[in-house]
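Visitor: Attaching a predicted model along with its sequence, questions to come.
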Amino acid sequence: MSEAGAAAGPRVGVGAVVVHEGRVVLIRRGKEPMYGRWIVPGGTVELGETLEEACVRELREETGLDVRPLELLTVFDRIDRHGDDVRYHYVIVDYLCSWQGGELQAGSDALEAAWASRDELKDYDLPPKALEVILDGLGRAGQRAG
């Protein structure tokens, strides 16, 4: 295995589908993995931190927003292989979150940050899994509001 972290095992990450007034928060990654891609904000869980605490912290760091996790949306693996080598392996836990305050801004690991409506998502070239989770989150947020 070529990456030191991968040799030790998978890392746990969290992501947040933040829905407010029918729009969702997206960030454009400022570092690997997925540098330059638009995705939902999130990051890795620190030792001693719960998944929901990590979600709240990462959102504040990456977007300047205060959020409240509402429900689990999905858990999935993101594995990058090069031949027989594993470059990285993340187990990602995505939450539906509500906006509690703050002004959206690109923070620590983000090149850009944006609020996007369902109709605008096509303009962001999102990875298929991110688009799937975002659409699920928008649907669930609509059910909660209705």
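Guide: Nice, thanks for sending it over.

Visitor: Please tell me how far the helix or strand that contains V91 is from the chain's geometric centre.
Guide: When elements are assigned from DSSP states H and E, V91 belongs to strand 85-101. Remark: strand 85-101 is offset 5 Å from the chain centroid, using C-alpha atoms, centre = their mean, to the nearest Å.

Visitor: Parallel or antiparallel, list what pairs with it.
Guide: The pairing partners recorded for strand 85-101 under DSSP bridges are strand 11-20 (parallel), strand 66-82 (antiparallel).

Visitor: Mind checking the ones you listed for the one nearest to E112?
Guide: Closest approach to E112 among those (C-beta to C-beta): strand 11-20, 15.3 Å. Glycine gets a C-beta too; all of them are placed from N, C-alpha and C.

Visitor: chain center to that closest one: distance?
Guide: With C-alpha atoms, centre = their mean as the basis, strand 11-20 stands 4 Å off its chain's centre.

Visitor: Repeat that for stretch 85-104.
Guide: Taking C-alpha atoms, centre = their mean, one finds the center of stretch 85-104 at 3 Å from the center of the full chain.

Visitor: same deal with stretch 128-146?
Guide: Centroid separation for stretch 128-146 versus its chain: 13 Å, with C-alpha atoms, centre = their mean.
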